[in-house]
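Undergrad: Need a 3D model of the following:
(one chain, ligands or ions: 2)
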Amino acid sequence: MSTETIKIFDTTLRDGEQSPGASMNTEEKIQIAIQLEKLGVDIIEAGFAAASPGDFDAISKIAQRIENSTVCSLARAIDSDIKSAGESIAKAKNRRIHTFIATSSIHMEHKLKMTPDEVIKRAVRAVTYAREFVDDVEFSCEDAGRSDIGFMKDISDAVIEAGATTINLPDTVGFRLPYEIGEMVRIMSEYTKDRAIISVHNHNDLGLGVANSLEAVVNGARQVECTINGLGERAGNASLEEIVMALKVRGDIFKDLRTNINTKEIYPSSRLISNITGIEPQPNKAIVGKNAFAHESGIHQDGMLKNRETYEIMTPETIGLVKDDTLVLGKHSGRAAFRDKLAKLGFTLEDNALNKSFERFKIMADKKKEIFDDDLRALVTNEMTKAEQIYELISLQLMDFSEGTPSSVVKIRKDNQEIIDAGVGEGTIDAIFKTIERISGIESHLMDYKVKSVSKGKDALASVTVKVSFNEKEPVIIGHGLHIDTMLASARAYIGALNSYLSMEGKFKTKSD
Ligand code: KIV
Ligand code: ZN
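TA: Residues are numbered from 1 along each chain as shown. Ligands and ions are numbered 1, 2, ... in the order given. Here you go, the predicted model:
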(Lines give C-alpha, C1' and ligand atoms only; values in the text may rest on other atoms or scores of the structure.)
(Ligands and ions follow the chains in the order given, each with its own letter.)
Protein backbone atom coordinates (compact mmCIF):
# COMPACT_ATOMS: atom_id res chain seq x y z
CA MET A 1 0.00 0.00 0.00
CA SER A 2 1.35 3.45 -0.85
CA THR A 3 2.16 6.00 1.84
CA GLU A 4 -0.12 9.00 2.25
CA THR A 5 0.97 12.38 3.56
CA ILE A 6 -0.97 14.22 6.24
CA LYS A 7 -0.58 17.92 5.51
CA ILE A 8 0.35 19.96 8.54
CA PHE A 9 -1.33 23.37 8.47
CA ASP A 10 0.17 25.56 11.18
CA THR A 11 -1.95 28.41 12.49
CA THR A 12 0.31 29.64 15.31
CA LEU A 13 0.57 33.05 13.62
CA ARG A 14 -3.20 33.40 13.22
CA ASP A 15 -5.27 31.35 15.70
CA GLY A 16 -2.22 31.12 18.02
CA GLU A 17 -1.91 34.89 18.04
CA GLN A 18 -5.52 35.00 19.21
CA SER A 19 -4.37 33.54 22.56
CA PRO A 20 -4.85 36.23 25.17
CA GLY A 21 -1.60 38.19 25.46
CA ALA A 22 0.17 36.45 22.56
CA SER A 23 0.34 39.35 20.08
CA MET A 24 3.64 39.59 18.19
CA ASN A 25 5.45 42.29 16.26
CA THR A 26 6.22 41.92 12.54
CA GLU A 27 9.86 40.91 13.05
CA GLU A 28 8.80 38.23 15.53
CA LYS A 29 6.23 36.86 13.08
CA ILE A 30 8.80 36.69 10.30
CA GLN A 31 11.25 34.74 12.50
CA ILE A 32 8.48 32.33 13.49
CA ALA A 33 7.49 31.79 9.84
CA ILE A 34 11.12 31.05 8.93
CA GLN A 35 11.29 28.50 11.75
CA LEU A 36 7.98 26.91 10.72
CA GLU A 37 9.34 26.44 7.23
CA LYS A 38 12.44 24.76 8.68
CA LEU A 39 10.14 22.55 10.72
CA GLY A 40 8.59 21.44 7.44
CA VAL A 41 5.00 22.58 7.85
CA ASP A 42 3.09 22.36 4.57
CA ILE A 43 0.98 25.46 5.09
CA ILE A 44 1.71 28.52 7.25
CA GLU A 45 -1.42 30.50 8.08
CA ALA A 46 0.36 33.84 8.39
CA GLY A 47 -2.54 35.93 9.63
CA PHE A 48 -5.84 37.60 8.92
CA ALA A 49 -4.98 40.31 6.41
CA ALA A 50 -8.13 42.40 6.80
CA ALA A 51 -7.78 42.56 10.59
CA SER A 52 -5.34 45.51 10.51
CA PRO A 53 -2.63 47.14 8.38
CA GLY A 54 -0.11 45.54 10.76
CA ASP A 55 -1.41 42.04 10.00
CA PHE A 56 -1.43 42.78 6.26
CA ASP A 57 2.14 44.04 6.42
CA ALA A 58 3.40 41.00 8.36
CA ILE A 59 1.70 38.55 5.95
CA SER A 60 3.16 40.33 2.89
CA LYS A 61 6.65 40.23 4.40
CA ILE A 62 6.30 36.54 5.26
CA ALA A 63 4.99 35.85 1.74
CA GLN A 64 8.21 37.31 0.33
CA ARG A 65 10.52 35.34 2.65
CA ILE A 66 9.05 31.84 2.51
CA GLU A 67 10.21 29.51 -0.26
CA ASN A 68 8.78 26.05 0.29
CA SER A 69 5.75 26.17 2.55
CA THR A 70 2.45 27.53 1.23
CA VAL A 71 1.61 30.91 2.76
CA CYS A 72 -2.05 31.25 3.65
CA SER A 73 -4.12 34.30 4.54
CA LEU A 74 -7.47 34.09 6.32
CA ALA A 75 -10.59 35.95 5.12
CA ARG A 76 -14.19 36.06 6.16
CA ALA A 77 -16.59 35.37 3.28
CA ILE A 78 -16.61 39.07 2.44
CA ASP A 79 -15.20 40.59 -0.77
CA SER A 80 -13.04 43.20 1.00
CA ASP A 81 -11.47 40.52 3.25
CA ILE A 82 -10.74 38.26 0.29
CA LYS A 83 -9.19 41.14 -1.65
CA SER A 84 -6.88 41.95 1.31
CA ALA A 85 -6.00 38.27 1.72
CA GLY A 86 -5.23 37.88 -2.00
CA GLU A 87 -3.10 41.02 -2.10
CA SER A 88 -1.22 40.15 1.08
CA ILE A 89 0.07 36.87 -0.38
CA ALA A 90 0.50 38.05 -3.96
CA LYS A 91 4.29 37.65 -3.78
CA ALA A 92 4.32 34.18 -2.20
CA LYS A 93 5.73 31.30 -4.25
CA ASN A 94 2.90 29.06 -3.05
CA ARG A 95 -0.22 30.78 -1.80
CA ARG A 96 -3.62 29.92 -0.39
CA ILE A 97 -6.69 31.89 0.66
CA HIS A 98 -8.64 30.41 3.56
CA THR A 99 -12.19 31.69 3.71
CA PHE A 100 -14.88 30.73 6.17
CA ILE A 101 -18.47 31.21 7.23
CA ALA A 102 -20.41 29.62 10.07
CA THR A 103 -22.64 26.67 9.20
CA SER A 104 -24.22 25.72 12.55
CA SER A 105 -27.83 26.77 13.21
CA ILE A 106 -26.86 28.67 16.35
CA HIS A 107 -24.27 30.75 14.47
CA MET A 108 -26.39 31.28 11.32
CA GLU A 109 -29.46 32.34 13.29
CA HIS A 110 -27.93 34.40 16.11
CA LYS A 111 -24.61 35.66 14.82
CA LEU A 112 -24.97 35.91 11.05
CA LYS A 113 -28.78 36.35 11.00
CA MET A 114 -28.77 34.59 7.64
CA THR A 115 -30.76 31.66 6.22
CA PRO A 116 -28.88 28.50 5.18
CA ASP A 117 -29.48 29.39 1.50
CA GLU A 118 -27.98 32.84 2.01
CA VAL A 119 -24.97 31.25 3.72
CA ILE A 120 -24.39 28.93 0.77
CA LYS A 121 -24.65 31.85 -1.67
CA ARG A 122 -22.17 33.90 0.35
CA ALA A 123 -19.75 30.98 0.58
CA VAL A 124 -19.90 30.35 -3.18
CA ARG A 125 -19.34 34.05 -3.88
CA ALA A 126 -16.33 34.07 -1.52
CA VAL A 127 -14.69 31.00 -3.06
CA THR A 128 -15.35 32.19 -6.61
CA TYR A 129 -13.78 35.56 -5.84
CA ALA A 130 -10.83 33.96 -4.00
CA ARG A 131 -10.13 31.88 -7.11
CA GLU A 132 -9.50 35.16 -8.98
CA PHE A 133 -6.39 35.56 -6.77
CA VAL A 134 -5.18 31.99 -6.21
CA ASP A 135 -5.71 28.40 -7.37
CA ASP A 136 -5.53 27.01 -3.84
CA VAL A 137 -8.66 27.90 -1.83
CA GLU A 138 -9.64 26.43 1.51
CA PHE A 139 -13.19 26.75 2.75
CA SER A 140 -14.09 26.30 6.43
CA CYS A 141 -17.53 25.48 7.81
CA GLU A 142 -17.05 27.42 11.03
CA ASP A 143 -18.52 25.51 14.00
CA ALA A 144 -18.69 22.33 11.87
CA GLY A 145 -18.66 20.36 15.13
CA ARG A 146 -22.21 21.61 15.83
CA SER A 147 -23.40 21.79 12.22
CA ASP A 148 -25.92 19.58 10.46
CA ILE A 149 -24.08 17.04 8.33
CA GLY A 150 -26.63 17.27 5.50
CA PHE A 151 -26.09 21.03 5.31
CA MET A 152 -22.32 20.59 5.31
CA LYS A 153 -22.64 18.18 2.36
CA ASP A 154 -24.71 20.77 0.47
CA ILE A 155 -22.39 23.68 1.15
CA SER A 156 -19.33 21.53 0.34
CA ASP A 157 -20.83 20.52 -3.03
CA ALA A 158 -21.42 24.21 -3.81
CA VAL A 159 -17.98 25.51 -2.78
CA ILE A 160 -16.12 22.63 -4.44
CA GLU A 161 -18.01 23.42 -7.63
CA ALA A 162 -16.90 27.06 -7.17
CA GLY A 163 -13.25 26.00 -6.87
CA ALA A 164 -12.45 25.14 -3.23
CA THR A 165 -9.75 22.47 -2.98
CA THR A 166 -9.78 21.89 0.80
CA ILE A 167 -12.84 21.61 3.05
CA ASN A 168 -12.02 22.31 6.68
CA LEU A 169 -14.35 21.11 9.46
CA PRO A 170 -13.46 23.07 12.60
CA ASP A 171 -14.67 22.05 16.03
CA THR A 172 -14.61 25.76 16.79
CA VAL A 173 -15.77 25.47 20.38
CA GLY A 174 -13.96 22.21 21.24
CA PHE A 175 -17.22 20.42 22.04
CA ARG A 176 -16.92 17.06 20.31
CA LEU A 177 -15.58 13.73 21.51
CA PRO A 178 -13.14 11.72 19.37
CA TYR A 179 -15.69 9.17 18.10
CA GLU A 180 -18.03 11.99 17.04
CA ILE A 181 -15.29 13.82 15.11
CA GLY A 182 -14.29 10.49 13.56
CA GLU A 183 -17.84 9.90 12.39
CA MET A 184 -18.21 13.42 10.96
CA VAL A 185 -14.92 13.15 9.07
CA ARG A 186 -15.69 9.65 7.78
CA ILE A 187 -19.06 10.76 6.38
CA MET A 188 -17.63 13.92 4.82
CA SER A 189 -14.58 12.29 3.30
CA GLU A 190 -16.62 9.42 1.86
CA TYR A 191 -18.96 12.04 0.45
CA THR A 192 -16.40 14.41 -1.09
CA LYS A 193 -14.05 11.56 -2.19
CA ASP A 194 -11.18 12.97 -4.25
CA ARG A 195 -13.02 16.22 -5.05
CA ALA A 196 -11.37 17.93 -2.03
CA ILE A 197 -9.04 17.29 0.87
CA ILE A 198 -10.83 17.06 4.22
CA SER A 199 -9.15 19.04 6.97
CA VAL A 200 -9.80 19.39 10.70
CA HIS A 201 -9.19 22.23 13.15
CA ASN A 202 -9.89 21.12 16.71
CA HIS A 203 -10.04 23.49 19.64
CA ASN A 204 -9.05 22.20 23.03
CA ASP A 205 -11.84 23.33 25.36
CA LEU A 206 -12.30 19.80 26.73
CA GLY A 207 -8.63 18.90 26.34
CA LEU A 208 -9.47 16.71 23.34
CA GLY A 209 -7.96 18.70 20.46
CA VAL A 210 -5.17 16.22 19.75
CA ALA A 211 -7.28 13.07 20.30
CA ASN A 212 -9.94 14.49 17.99
CA SER A 213 -7.36 15.28 15.30
CA LEU A 214 -5.91 11.76 15.43
CA GLU A 215 -9.36 10.21 15.19
CA ALA A 216 -10.02 12.48 12.19
CA VAL A 217 -6.87 11.22 10.48
CA VAL A 218 -7.92 7.60 11.05
CA ASN A 219 -11.22 8.45 9.37
CA GLY A 220 -9.88 10.15 6.27
CA ALA A 221 -8.73 13.70 7.13
CA ARG A 222 -5.59 14.48 5.16
CA GLN A 223 -4.90 17.93 6.57
CA VAL A 224 -4.64 18.82 10.25
CA GLU A 225 -4.64 22.39 11.54
CA CYS A 226 -2.66 22.94 14.71
CA THR A 227 -0.32 25.26 16.59
CA ILE A 228 3.05 25.08 18.31
CA ASN A 229 2.64 24.61 22.08
CA GLY A 230 -1.12 24.32 21.47
CA LEU A 231 -1.58 28.11 21.49
CA GLY A 232 -4.88 29.52 20.30
CA GLU A 233 -8.20 31.10 21.13
CA ARG A 234 -9.39 30.25 24.69
CA ALA A 235 -8.03 26.79 25.68
CA GLY A 236 -6.05 26.74 22.43
CA ASN A 237 -5.79 24.48 19.42
CA ALA A 238 -4.57 20.93 18.98
CA SER A 239 -0.83 21.00 19.49
CA LEU A 240 1.35 20.35 16.44
CA GLU A 241 4.11 18.57 18.35
CA GLU A 242 1.70 16.14 20.01
CA ILE A 243 -0.07 15.23 16.76
CA VAL A 244 3.16 14.78 14.82
CA MET A 245 4.87 12.71 17.51
CA ALA A 246 1.78 10.53 18.04
CA LEU A 247 1.74 9.77 14.30
CA LYS A 248 5.45 8.98 14.40
CA VAL A 249 5.75 7.06 17.67
CA ARG A 250 2.59 5.02 16.92
CA GLY A 251 3.57 4.27 13.34
CA ASP A 252 2.34 0.74 14.08
CA ILE A 253 -1.22 2.13 14.20
CA PHE A 254 -0.90 5.00 11.72
CA LYS A 255 0.59 2.71 9.11
CA ASP A 256 1.20 4.24 5.69
CA LEU A 257 0.68 7.77 7.01
CA ARG A 258 3.48 10.29 7.25
CA THR A 259 4.06 14.02 7.64
CA ASN A 260 6.70 16.29 6.13
CA ILE A 261 7.75 17.50 9.59
CA ASN A 262 11.40 17.39 10.56
CA THR A 263 10.80 16.41 14.18
CA LYS A 264 14.27 17.63 15.20
CA GLU A 265 12.96 21.17 14.73
CA ILE A 266 10.10 20.69 17.22
CA TYR A 267 11.99 21.74 20.34
CA PRO A 268 13.66 24.79 18.71
CA SER A 269 10.23 25.85 17.39
CA SER A 270 8.64 25.49 20.80
CA ARG A 271 11.41 27.52 22.48
CA LEU A 272 11.16 30.26 19.87
CA ILE A 273 7.41 30.62 20.35
CA SER A 274 7.62 30.72 24.14
CA ASN A 275 10.55 33.14 24.10
CA ILE A 276 8.57 35.44 21.84
CA THR A 277 5.13 35.21 23.44
CA GLY A 278 6.37 34.91 27.02
CA ILE A 279 3.95 31.97 27.36
CA GLU A 280 5.76 28.89 28.69
CA PRO A 281 4.19 25.49 28.14
CA GLN A 282 3.17 23.90 31.46
CA PRO A 283 6.10 21.82 32.85
CA ASN A 284 4.24 18.54 32.33
CA LYS A 285 3.12 19.43 28.79
CA ALA A 286 3.60 16.43 26.47
CA ILE A 287 6.66 16.55 24.19
CA VAL A 288 7.94 20.08 24.93
CA GLY A 289 7.25 20.65 28.65
CA LYS A 290 10.29 21.08 30.89
CA ASN A 291 9.61 17.71 32.54
CA ALA A 292 8.61 15.77 29.43
CA PHE A 293 11.89 13.82 29.48
CA ALA A 294 12.76 14.10 33.17
CA HIS A 295 12.79 10.90 35.22
CA GLU A 296 12.40 11.64 38.89
CA SER A 297 11.71 8.38 40.73
CA GLY A 298 14.59 6.10 41.67
CA ILE A 299 12.91 3.08 40.09
CA HIS A 300 12.52 4.92 36.81
CA GLN A 301 16.09 6.21 36.88
CA ASP A 302 17.34 2.72 37.53
CA GLY A 303 15.31 1.36 34.61
CA MET A 304 16.58 4.12 32.33
CA LEU A 305 20.18 3.31 33.17
CA LYS A 306 19.62 -0.33 32.29
CA ASN A 307 17.66 0.31 29.11
CA ARG A 308 16.20 3.68 28.10
CA GLU A 309 13.19 2.02 26.51
CA THR A 310 11.94 0.89 29.93
CA TYR A 311 10.52 4.36 30.53
CA GLU A 312 11.09 6.32 27.31
CA ILE A 313 8.78 5.95 24.28
CA MET A 314 10.78 8.50 22.27
CA THR A 315 14.18 10.07 22.75
CA PRO A 316 14.67 13.78 23.43
CA GLU A 317 16.98 13.83 20.42
CA THR A 318 14.03 13.00 18.11
CA ILE A 319 12.46 16.37 18.90
CA GLY A 320 15.77 18.23 18.72
CA LEU A 321 16.34 18.45 22.45
CA VAL A 322 20.05 17.90 22.35
CA LYS A 323 22.45 18.45 25.18
CA ASP A 324 25.54 19.32 23.20
CA ASP A 325 28.45 19.63 25.57
CA THR A 326 31.07 19.21 22.88
CA LEU A 327 31.29 22.91 22.32
CA VAL A 328 31.27 24.91 25.54
CA LEU A 329 31.40 28.64 24.98
CA GLY A 330 33.07 31.14 27.26
CA LYS A 331 34.60 34.59 27.10
CA HIS A 332 37.54 33.41 25.02
CA SER A 333 35.39 31.81 22.33
CA GLY A 334 35.71 33.34 18.88
CA ARG A 335 33.15 34.21 16.24
CA ALA A 336 33.60 30.91 14.36
CA ALA A 337 32.89 28.80 17.45
CA PHE A 338 29.92 31.04 18.24
CA ARG A 339 28.53 30.64 14.71
CA ASP A 340 29.08 26.88 14.90
CA LYS A 341 27.27 26.55 18.18
CA LEU A 342 24.32 28.61 16.90
CA ALA A 343 24.12 26.42 13.81
CA LYS A 344 23.92 23.37 16.10
CA LEU A 345 21.05 25.06 17.92
CA GLY A 346 19.33 25.63 14.58
CA PHE A 347 20.07 29.35 14.04
CA THR A 348 21.52 30.57 10.77
CA LEU A 349 22.23 34.27 11.08
CA GLU A 350 23.10 36.80 8.43
CA ASP A 351 26.39 38.65 9.02
CA ASN A 352 24.83 41.71 10.61
CA ALA A 353 22.66 39.73 13.04
CA LEU A 354 25.61 37.44 13.81
CA ASN A 355 27.84 40.40 14.66
CA LYS A 356 25.24 41.98 16.94
CA SER A 357 24.55 38.68 18.70
CA PHE A 358 28.27 38.03 19.07
CA GLU A 359 28.79 41.46 20.65
CA ARG A 360 26.04 40.71 23.18
CA PHE A 361 27.44 37.24 23.78
CA LYS A 362 30.85 38.73 24.63
CA ILE A 363 29.31 41.14 27.15
CA MET A 364 27.37 38.26 28.70
CA ALA A 365 30.41 35.97 28.76
CA ASP A 366 32.34 38.59 30.65
CA LYS A 367 29.83 38.49 33.48
CA LYS A 368 28.58 34.92 33.42
CA LYS A 369 30.72 31.88 34.19
CA GLU A 370 28.78 29.20 32.39
CA ILE A 371 26.79 29.80 29.23
CA PHE A 372 24.07 27.26 28.52
CA ASP A 373 22.23 26.45 25.30
CA ASP A 374 19.07 28.12 26.62
CA ASP A 375 21.05 31.33 27.31
CA LEU A 376 22.17 31.41 23.69
CA ARG A 377 18.69 30.61 22.39
CA ALA A 378 17.21 33.44 24.45
CA LEU A 379 19.92 35.92 23.48
CA VAL A 380 19.72 35.26 19.74
CA THR A 381 15.92 35.23 19.67
CA ASN A 382 15.90 38.51 21.56
CA GLU A 383 18.35 40.06 19.10
CA MET A 384 16.62 38.76 15.97
CA THR A 385 13.10 39.80 16.88
CA LYS A 386 13.77 43.33 18.08
CA ALA A 387 11.54 46.02 16.64
CA GLU A 388 13.24 49.14 15.22
CA GLN A 389 15.33 50.72 18.02
CA ILE A 390 13.53 54.07 18.22
CA TYR A 391 14.47 54.40 21.89
CA GLU A 392 17.69 52.80 23.09
CA LEU A 393 18.72 52.42 26.72
CA ILE A 394 22.18 53.82 27.46
CA SER A 395 22.31 53.58 31.23
CA LEU A 396 20.29 53.02 34.34
CA GLN A 397 21.14 54.21 37.82
CA LEU A 398 19.04 53.16 40.79
CA MET A 399 18.60 54.03 44.41
CA ASP A 400 16.59 51.67 46.49
CA PHE A 401 16.11 51.51 50.25
CA SER A 402 14.24 49.20 52.52
CA GLU A 403 12.83 52.41 54.03
CA GLY A 404 12.48 55.39 51.70
CA THR A 405 11.61 56.21 48.12
CA PRO A 406 13.08 54.20 45.28
CA SER A 407 14.34 56.38 42.44
CA SER A 408 15.88 55.88 39.05
CA VAL A 409 17.96 57.89 36.59
CA VAL A 410 17.54 56.75 33.00
CA LYS A 411 19.63 57.80 30.01
CA ILE A 412 18.14 57.00 26.62
CA ARG A 413 19.14 57.66 23.00
CA LYS A 414 16.57 58.79 20.48
CA ASP A 415 17.31 60.25 17.03
CA ASN A 416 21.02 60.40 17.93
CA GLN A 417 20.28 62.53 20.97
CA GLU A 418 20.80 61.52 24.55
CA ILE A 419 17.95 62.23 26.95
CA ILE A 420 18.33 61.90 30.69
CA ASP A 421 15.65 62.08 33.35
CA ALA A 422 14.94 60.89 36.87
CA GLY A 423 11.85 59.67 38.65
CA VAL A 424 10.55 58.06 41.79
CA GLY A 425 8.09 55.25 42.32
CA GLU A 426 6.45 52.96 44.82
CA GLY A 427 9.05 50.33 44.01
CA THR A 428 12.16 50.16 41.84
CA ILE A 429 10.37 48.81 38.76
CA ASP A 430 7.70 51.46 39.15
CA ALA A 431 10.40 54.15 39.33
CA ILE A 432 12.12 52.85 36.17
CA PHE A 433 8.95 52.57 34.12
CA LYS A 434 7.68 55.99 35.27
CA THR A 435 10.96 57.61 34.29
CA ILE A 436 10.86 56.05 30.81
CA GLU A 437 7.25 57.17 30.51
CA ARG A 438 8.31 60.74 31.33
CA ILE A 439 11.09 60.65 28.76
CA SER A 440 8.90 59.30 25.97
CA GLY A 441 5.83 61.32 26.91
CA ILE A 442 3.75 58.22 26.10
CA GLU A 443 1.48 57.10 28.91
CA SER A 444 0.92 53.45 29.52
CA HIS A 445 -0.62 50.85 31.80
CA LEU A 446 1.43 47.85 32.82
CA MET A 447 -0.84 44.84 32.37
CA ASP A 448 1.61 42.10 33.26
CA TYR A 449 5.20 41.72 34.40
CA LYS A 450 7.03 38.40 34.54
CA VAL A 451 10.58 37.53 35.37
CA LYS A 452 12.15 34.12 35.00
CA SER A 453 15.68 32.83 34.98
CA VAL A 454 16.73 31.47 31.61
CA SER A 455 19.01 28.78 32.99
CA LYS A 456 20.52 27.98 36.38
CA GLY A 457 23.07 29.59 38.71
CA LYS A 458 23.04 32.74 40.81
CA ASP A 459 24.39 34.57 37.78
CA ALA A 460 21.57 33.28 35.54
CA LEU A 461 20.17 35.56 32.87
CA ALA A 462 16.91 37.23 33.85
CA SER A 463 14.29 37.18 31.13
CA VAL A 464 11.64 39.81 31.71
CA THR A 465 8.38 39.96 29.76
CA VAL A 466 6.08 42.94 30.10
CA LYS A 467 2.62 43.41 28.64
CA VAL A 468 1.84 47.08 28.24
CA SER A 469 -1.26 48.92 27.13
CA PHE A 470 -0.35 52.24 25.47
CA ASN A 471 -3.85 52.84 24.15
CA GLU A 472 -6.86 51.06 25.57
CA LYS A 473 -8.43 50.75 22.11
CA GLU A 474 -5.43 48.85 20.78
CA PRO A 475 -3.94 45.45 21.62
CA VAL A 476 -1.62 45.03 24.57
CA ILE A 477 2.03 45.12 23.47
CA ILE A 478 4.63 42.60 24.61
CA GLY A 479 8.24 43.58 25.35
CA HIS A 480 11.18 41.38 26.31
CA GLY A 481 14.39 42.19 28.11
CA LEU A 482 17.33 39.98 28.85
CA HIS A 483 20.20 40.73 31.22
CA ILE A 484 22.01 39.30 34.21
CA ASP A 485 20.69 42.28 36.13
CA THR A 486 16.91 41.99 36.56
CA MET A 487 16.41 45.77 36.72
CA LEU A 488 18.25 46.31 33.45
CA ALA A 489 16.29 43.45 31.88
CA SER A 490 13.09 45.16 33.08
CA ALA A 491 14.06 48.54 31.60
CA ARG A 492 14.92 46.85 28.30
CA ALA A 493 11.62 44.97 28.26
CA TYR A 494 9.65 48.16 28.74
CA ILE A 495 11.64 49.99 26.05
CA GLY A 496 11.17 46.94 23.78
CA ALA A 497 7.39 47.22 24.17
CA LEU A 498 7.57 50.98 23.51
CA ASN A 499 9.59 50.42 20.31
CA SER A 500 7.19 47.70 19.13
CA TYR A 501 4.29 50.03 19.76
CA LEU A 502 5.84 52.91 17.87
CA SER A 503 6.89 50.77 14.93
CA MET A 504 3.34 49.41 14.63
CA GLU A 505 1.59 52.75 15.24
CA GLY A 506 -1.34 53.30 12.88
CA LYS A 507 -1.26 49.64 11.88
CA PHE A 508 -3.37 48.18 14.69
CA LYS A 509 -6.85 46.83 14.60
CA THR A 510 -8.71 48.92 17.16
CA LYS A 511 -10.88 47.05 19.66
CA SER A 512 -14.05 48.74 18.37
CA ASP A 513 -13.45 47.62 14.73
O1 KIV B 1 -11.97 27.85 15.10
C2 KIV B 1 -12.36 28.19 13.97
O3 KIV B 1 -13.46 27.89 13.53
C4 KIV B 1 -11.44 28.98 13.16
C5 KIV B 1 -11.83 29.18 11.72
C6 KIV B 1 -11.54 30.55 11.25
C7 KIV B 1 -11.16 28.14 10.90
O8 KIV B 1 -10.40 29.39 13.62
ZN1 ZN C 1 -9.87 28.28 15.48
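
Undergrad: Pull the residues that contact the lowest-mean-pLDDT helix or strand in the chain.
TA: Among the helical and strand segments of the chain, the one scoring lowest on mean pLDDT, DSSP states H and E is helix 298-306, with a mean of 74. With C-beta atoms under 8 Å, 6 or more residues apart in numbering as the test, helix 298-306 has contacts from 295, 310-312. Any C-beta I mention is one placed from the backbone N, CA and C, and that applies to glycine too.

Undergrad: The lengthiest helix in the chain: how far from the chain's middle?
TA: Counting residues, the longest helix found in the chain (DSSP state H) is helix 486-504. Here helix 486-504 is found 20 Å from its chain centre; the criterion is C-alpha atoms, centre = their mean, to the nearest Å.

Undergrad: Next: stretch 177-189.
TA: The chain centre lies 28 Å from the centre of stretch 177-189; the measure is C-alpha atoms, centre = their mean.

Undergrad: So the closest residue to residue 10 other than its chain neighbours versus residue 63, what's the distance?
TA: Distances taken as C-beta to C-beta, 6 or more residues apart in numbering put residue 41 closest to residue 10, at 4.2 Å, once the chain neighbours are dropped. Distance, residue 41 to residue 63, using C-beta to C-beta, to the nearest Å: 15 Å.

Undergrad: Check residue 347 too.
TA: On the measure of C-beta to C-beta, residue 347 and residue 63 end up 23 Å apart.

Undergrad: Then residue 135?
TA: Using C-beta to C-beta, residue 135 is found at 15 Å from residue 63.

Undergrad: quick one: average confidence on the longest helix of the chain?
TA: Averaged across helix 486-504, the pLDDT comes to 94.

Undergrad: picking that back up, I'd guessed the residue nearest to residue 10 sits against residue 8; true?
TA: Yes - counting by C-beta atoms under 8 Å, residue 41 touches residue 8, with 4.9 Å between them.

Undergrad: Quick check: neighbours shared by those two?
TA: 240, 260-261.

Undergrad: Just the buried ones from those residues?
TA: Those of the shared contacts of residue 41 and residue 8 that meet the buried threshold are 240, 261, by 16 or more other C-beta atoms under 10 Å.

Undergrad: from the shared contacts of residue 41 and residue 8, which is closest to ligand 1?
TA: residue 240 (15.0 Å; C-beta to the nearest ligand atom).

Undergrad: Chain neighbours aside, what residue packs nearest to the closest one?
TA: residue 226 (4.2 Å).

Undergrad: Burial check on that neighbour, number of neighbours?
TA: 30 (other C-beta atoms under 10 Å).

Undergrad: Is it within a helix or a strand, and which one?
TA: strand 223-226 (DSSP states H and E).

Undergrad: any bit of that strand sitting next to ligand 1?
TA: No - counting by C-beta under 6 Å from any ligand atom, ligand 1 has no neighbours in strand 223-226; the shortest distance is 7.2 Å.

Undergrad: list the contacts for the residue nearest to residue 240?
TA: Residues near residue 226 by C-beta under 8 Å, 6+ apart: 8-11, 209, 213, 237-240, 243.

Undergrad: List only those of these flagged as buried.
TA: 8-11, 209, 213, 237-240, 243.

Undergrad: Closest one of those residues to residue 187?
TA: residue 213 (17.1 Å; C-beta to C-beta).

Undergrad: My read is that the closest one contacts residue 224, right?
TA: Yes - using C-beta under 8 Å, residue 213 is in contact with residue 224, at 5.0 Å.

Undergrad: Now for these two: what residues contact both?
TA: With C-beta under 8 Å, 6+ apart, residue 213 and residue 224 have common neighbours 200, 238, 243.

Undergrad: from those residues, which are also near ligand 1?
TA: Within the shared contacts of residue 213 and residue 224, nothing lies near ligand 1 by C-beta under 6 Å from any ligand atom.

Undergrad: Return the nearest residue of the stretch 351-500 of the chain with respect to ligand 1.
TA: Of all residues in the stretch 351-500 of the chain, the one sitting closest to ligand 1 is residue 475 (17.9 Å; C-beta to the nearest ligand atom).

Undergrad: quick one: which of residue 41 and residue 63 has more around it?
TA: residue 41 (30 against 23).

Undergrad: my guess is the more buried one is in a helix, correct?
TA: No - secondary structure assignment (DSSP: H, G, I helix; E, B strand; the rest coil) places residue 41 in coil, not in a helix.

Undergrad: Could I get the contacting residues of it?
TA: Applying C-beta under 8 Å, 6+ apart, one finds that residue 41 lies in contact with 8-10, 69, 240, 260-261.

Undergrad: what secondary structure does the closest residue to residue 130 other than its chain neighbours sit in?
TA: In this structure, residue 130 finds its nearest non-sequential neighbour in residue 97, 4.2 Å apart by C-beta to C-beta, 6+ apart. Under three-state DSSP, residue 97 falls in the strand class.

Undergrad: One more: the one 4 residues further on?
TA: At residue 101 the chain is in strand, as set by three-state DSSP.

Undergrad: so what's it scoring on pLDDT?
TA: 98.

Undergrad: Assess the claim that it and residue 126 are in contact.
TA: Yes - counting by C-beta under 8 Å, residue 101 does reach residue 126; the two are 7.1 Å apart.

Undergrad: and for those two, which residues touch both?
TA: Common contact partners of residue 101 and residue 126 (C-beta under 8 Å, 6+ apart): 76-77.

Undergrad: what comes up buried for stretch 82-95?
TA: Across stretch 82-95, burial judged by 16+ other C-beta under 10 Å covers 82-89, 92, 94-95.

Undergrad: Could you dump these into TSV with distance to ligand 1 added?
TA: Shown next, in TSV, are the buried residues of stretch 82-95 (distance: C-beta to the nearest ligand atom, whole Å):
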residue	distance to ligand 1
82	14
83	18
84	15
85	12
86	17
87	19
88	16
89	16
92	20
94	20
95	18
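
Undergrad: Return the closest of those residues with respect to residue 115.
TA: Taking the buried residues of stretch 82-95 together and measuring to residue 115 by C-beta to C-beta, the closest member is residue 82, at 21.9 Å.
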